[in-house]
Structures are given as C-alpha cells and as structure tokens.
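In: Got a predicted structure plus its sequence, pasted below:
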Amino acid sequence: MEFAPERKFAVCPGPDPRPRAPVRVVVPPGAVDTHAHVVGDRGFVEDRSFTPPPATAADYLAMLDATNMTYGVLVQVSVHGTDNTLLVDTLRAHPGRLKGVAVVDPHVGDRELAELHDAGVTGLRINTLTGGGVGFSALDRLEAICAEHGWHLQLFADAATLNPARLAKLRVPYVLDHLGVPDVTAGTRNRLVRDLVADGAWVKLSGANRLAEPPYAETVPFARELVAAAPDRCVYGSDWPHVGHWGPMPNDGDLVDLLADWVPDPATRAAVLGANARRLYGFADPIR
C-alpha cells in the first residue's frame with residue numbers, strides 16, 4: 001500500500017456517488033461499518049500523502065443507509081493530522097449512530113481528551129503508512145491514554161514493522177487496519193498478521209480495493225484465514241470514501257457483498273457485521 005510522492009497535491013478521486021444495496025449478503029439490524037472518514041475542504045497538513053476531495057457526513061450517512069448499515073465509525077483522516085475538529089463536530093451531530101477513532105499528539109492535554117471522549121471517540125490510531133499520522137514512538141503514551149479512557153488502539157502499519165512481544169503486553173485491545181495490510185500473493189508478514197490475530201488482535205475486514213483488482217479474488221484466502229483465527233474479533237469496514245486510491249473505485253455495496261466470500265458462514269458473517277463491532281465500539285444492541 002504505497003502513495004506516490006507526485007500525488008501529494010493531486011486531488012484523488014471521490015467515492016462512487018451511487019452506492020447500492022448489497023445483493024449477496026443480508027445485513028443484520030445493528031450492523032456497523034467500522035472504518036470511514038469525513039474530509040473537509042481545508043486544513044490539510046503539509047506532510048500528507050494525498051489530497052482528497054471533501055467527504056461530508058451527509059454523504060457518508062447516505063452510504064450507510066444505502067448499504068443497510070445501522071452504525072458507523074469515523075477514523076480521523078491523515079490529511080487533517082491531529083486536528084480532530086471535523087471528526088468531533090460530526091460525532092456530536094450524530095450521537096448514538098456514529099463513534100470515532102482520533103489521532104492525537106502524544107502531548108495532548110486532558111481537556112482535549114475529555115472532549116474527544118464526550119463526543120464519542122473510542123480509540124486512537126497509529127499510522128506509519130501515510131503522512132499526517134502518529135507513529136510507534138508514541139505507543140507508550142497512547143496506550144496509557146487508551147487505558148485511562150477505556151479505549152482501544154488502531155494500527156495502520158506494515159506488519160513487518162510490528163513488534164509482537166510489545167503488542168502482547170498491551171493493556172488495551174488493538175485493531176489491525178485493512179486485513180493487517182497483507183501481501184495477498186504471499187509473504188512472511190501474512191503469517192505474522194495471522195498469528196497476531198490468533199493471539200488476541202482484532203482485525204478490520206476492509207481495504208480490498210487497496211490490495212487487489214476487482215473482483216478482489218486474491219484477498220479471499222487470507223481473509224478466510226483471519227476469520228478462522230478469530231471469528232469473534234473480526235469486524236467489517238467500508239473504508240469510505242476510499243481516500244488516496246487511484247485504482248478502480250469500488251461501489252460500497254460490492255464491498256459488503258465481498259463478505260459472502262470472505263465469511264461464508266452466515267452466523268459468523270452476522271457477528272462480523274454486528275455483534276463483534278458493537279462490543280468493541282460500544283454501540284447499542286438492536287431492539288428485538
């Protein structure tokens with residue numbers, strides 16, 4: 001997953017404006033999209049890896065509705081760095097339906113952390129793959145913050161840079177982005193990701209379009225390995241609006257339908273879409 005330097009200031013494509021409902025997957029009540037971004041039209045950090053077009057909360061909610069998702073998790077987009085203002089404002093405008101994962105400077109103050117908590121933030125992200133992120137040098141401080149607030153850590157990193165011994169000692173849950181960013185053709189880092197998930201990591205079943213070409217068949221074997229390793233710690237993410245992606249733009253209904261291949265068992269798939277994510281992010285269970 002690489003971002004060419006010449007694309008830093010080029011505006012990347014936006015999402016498919018006509019998301020459709022999935023046709024191969026029955027989305028259960030209380031389903032959660034655990035990975036998406038809102039993007040403003042200004043306030044981009046200088047060291048970003050790409051420049052996305054604006055992506056509004058209204059458009060995101062329309063995508064959730066189109067794909068039959070009840071809840072959504074917004075992850076602070078890298079181009080806005082540690083300025084979580086748009087994220088917080090969006091969460092406050094949609095309490096109950098949206099939760100958030102923030103990016104903070106390790107020297108963040110208690111007041112800002114309290115504001116994030118009150119808005120619905122449930123985790124902090126480490127990102128070593130795109131400009132604008134906070135790296136593993138801040139791990140001890142971010143772990144302490146998450147432990148204090150009952151949050152989790154989210155890791156967007158090449159598996160080769162992960163330290164399994166250190167991760168095993170974390171006092172908080174941690175989540176691997178985008179299938180752990182594997183090499184879907186082969187690779188020792190895939191075994192590392194699988195072992196981390198088997199040993200306690202959560203993983204987002206997301207990012208297929210960043211790992212392979214449509215219809216993403218190369219991703220299926222590894223996704224199934226992860227699900228087999230920890231069916232109760234796998235969650236689904238759309239990655240809407242697919243920032244920094246210059247390949248074929250997926251329709252978000254197609255990404256939900258990919259779960260029919262990634263998670264063939266209907267009961268397990270329902271848990272991936274619903275109960276697993278509600279437990280991790282603290283969403284309410286649907287009324288039965």
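Out: Thanks, I have the structure now.

In: for this structure, which spans come out with low pLDDT?
Out: 1-8, 288 (pLDDT under 70).

In: can you pull out the helices in it?
Out: 57-66, 85-93, 110-119, 139-149, 164-168, 188-198, 208-211, 220-229, 252-257, 259-262, 266-273, 275-281 (DSSP state H).

In: hey, which of these is tucked in deepest?
Out: Of the helices of the chain, the one with the most neighbours on average (mean count of other CB atoms under 10 Å) is helix 252-257, at a mean of 23. From N, CA and C alone the C-beta is placed, and that goes for glycine too.

In: any residues touching that helix, and which ones?
Out: If you take CB atoms under 8 Å, 6 or more residues apart in numbering as the criterion, helix 252-257 is touched by 15-16, 19-25, 27, 63, 66-67, 206, 208-209, 214-215, 236, 238-240.

In: Repeat that for stretch 49-62.
Out: Under CB under 8 Å, 6+ apart, the answer for stretch 49-62 is 3, 7-15, 19, 36-41, 44, 72, 74, 77-79, 90, 93-94, 97, 130-132, 240-241, 243-244.

In: are any of those residues buried, and which?
Out: 3, 8, 12-15, 19, 36-40, 44, 72, 74, 77-79, 90, 94, 97, 130-132, 240-241, 243-244 (16 or more other CB atoms under 10 Å).

In: Which ones among these lie within strands?
Out: The strands, defined by DSSP state E, take in 36, 72, 74 from the buried ones among the contacts of stretch 49-62.

In: can I get the residues you listed in JSON lines with distance to Leu259?
Out: Below are these laid out as JSON lines (distance: CB to CB, whole Å):
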{"residue": "Ala36", "distance to Leu259": "16"}
{"residue": "Gly72", "distance to Leu259": "16"}
{"residue": "Leu74", "distance to Leu259": "21"}
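
In: Could you single out the nearest of those to Ala186?
Out: Using CB to CB, Ala36 is the member of those that sits closest to Ala186, with 29.9 Å.

In: Show the contacting residues for the closest one.
Out: Here Ala36 is in contact with 60, 63, 72-75, 237-241 (CB under 8 Å, 6+ apart).

In: Do I have it right that Val203 meets Leu179?
Out: Yes. Using CB atoms under 8 Å, Val203 is in contact with Leu179, at 6.5 Å.

In: Between these two, which contacts overlap?
Out: By CB under 8 Å, 6+ apart, the residues touching both Val203 and Leu179 are 193, 226.

In: hang on, the earlier thing: closest one to Ala159 out of the ones in strands among the buried ones among the contacts of stretch 49-62, please.
Out: Ala36 (22.9 Å).

In: Pick out the residue nearest the middle of this structure.
Out: His35 (3.3 Å; CA atoms, centre = their mean).

In: my guess is it contacts Asp177, does it?
Out: Yes. Contact status for His35 versus Asp177: in contact at 7.1 Å, counting by CB under 8 Å.

In: Now the common contact residues for these two.
Out: In contact with both His35 and Asp177: 204, 206, 237, using CB under 8 Å, 6+ apart.

In: What count of nearby residues applies to Phe50?
Out: When neighbours are defined as other CB atoms under 10 Å, Phe50 has 22 of them.

In: ugh, wrong one, Ala160
Out: With other CB under 10 Å as criterion, Ala160 counts 11.

In: how far away is the residue nearest to it when sequence neighbours are not counted from Ala157?
Out: Leaving aside its sequence neighbours, Ala160 sits nearest to Arg189 (CB to CB, 6 or more residues apart in numbering; 5.0 Å). Distance of Arg189 to Ala157, computed by CB to CB, to the nearest Å: 10 Å.
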